[in-house]
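Q: Pasting a predicted model and its sequence here:
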Amino acid sequence: MGQLSRATYVGTGSLLSMGSLAVVAAITQSPFIFPSLGPTAYLLYFSPSSPASTPRACLLGHAVALVCGYFALTVAGLADRPPDAAVQVELARVIAAGLSLGLTCFFLVLLKCDHPPAGATTLIVSLGLITQPWQLVVMEIAVGVLLLQALALNALTRRRSQS
């Protein structure tokens, strides 16, 4: 696959996936789209045979990140608080962010589950951008939908490796 056709494929797949997830988010007024889905989409379309692009890595990586982020948010006493402004971050938020990322990385390595975008997912939660348990479930469903879209498009185009 040439560079231009590869770039077109990755860009088009990502556009279609994010666009459809954004439509669902707008209709349902739920976090069906969030920043770490971007790098996940890139991985799924750019290097579908990479260990970080496996269904296990995507689903388990984000699930671990969501749980660790919410755990850290709760331990720091921030589950019922709005996010801090970036210019005035309190100590509890620093603890939550560090704890969530540390735990997420620990468990991803322990579980042999390489998915770097999960690091952003855990910070989304521990920084207080998402605080409700039902939103965590929606986020994991969105990961599943993105994964199914990429698997289907990659299968239709017989795209299996990055070569």
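A: Arrived safely, thanks for sending. Numbers count the residues shown, from 1 in each chain.
Q: what's the nearest residue to Ser20 if we skip its chain neighbours?
A: Nearest non-adjacent residue to Ser20, counting by CB to CB, 6 or more residues apart in numbering: Gln149, 7.1 Å away. In this view, the C-beta of every residue, glycine as well, is placed from N, C-alpha and C.
Q: Next: Pro55.
A: Per CB to CB, 6+ apart, closest to Pro55 is Leu147, 5.7 Å.
Q: how close does that neighbour sit to Ser49?
A: Note on Leu147: its distance to Ser49, by CB to CB, to the nearest Å, is 14 Å.
Q: residues in contact with Gln135?
A: By CB atoms under 8 Å, 6 or more residues apart in numbering, Gln135 lies in contact with Ser30, Pro31.
Q: Now do the phi/psi pair for it.
A: Note on Gln135: its backbone torsions stand at phi -70, psi -30 [degrees, to the nearest 10].
Q: What of Gln132?
A: Per degrees, to the nearest 10, the backbone of Gln132 is at phi -100, psi 130.
Q: what pLDDT does it get?
A: pLDDT recorded at Gln132 is 94.
Q: burial of it, as a residue count?
A: Per other CB atoms under 10 Å, the neighbour tally for Gln132 reads 12.
Q: Kindly report the same for His62.
A: Residues near His62, counting by other CB under 10 Å, number 29.
Q: Next: Val89.
A: Counted with other CB under 10 Å, the neighbours of Val89 add up to 13.
Q: Next: the one 4 residues further on.
A: Using other CB under 10 Å, Arg93 has 20 neighbouring residues.
Q: any idea how far Ala65 is from Leu111?
A: Look at Leu111 and Ala65: by CB to CB, they are 12 Å apart.
Q: more neighbours, those two?
A: Ala65 (33 against 13).
Q: which residues touch that one?
A: Going by CB under 8 Å, 6+ apart, Ala65 touches Ser36, Ser100, Thr104, Ala118, Gly119, Thr121, Thr122, Val125.
Q: now for the residues you listed, which pair is the farthest apart?
A: Ser36 and Ser100 (12.8 Å; CB to CB).
Q: If you count surrounding residues, which of these two has more?
A: Comparing Ser36 with Ser100 by other CB under 10 Å, the one with more neighbours is Ser100, at 29 against 22.
Q: What's the first helix or strand after the helix or strand in which the more buried one is found?
A: Using DSSP states H and E, the element containing Ser100 is helix 91-110. Going down the chain from helix 91-110, the next helix or strand is helix 117-126, by DSSP H and E.
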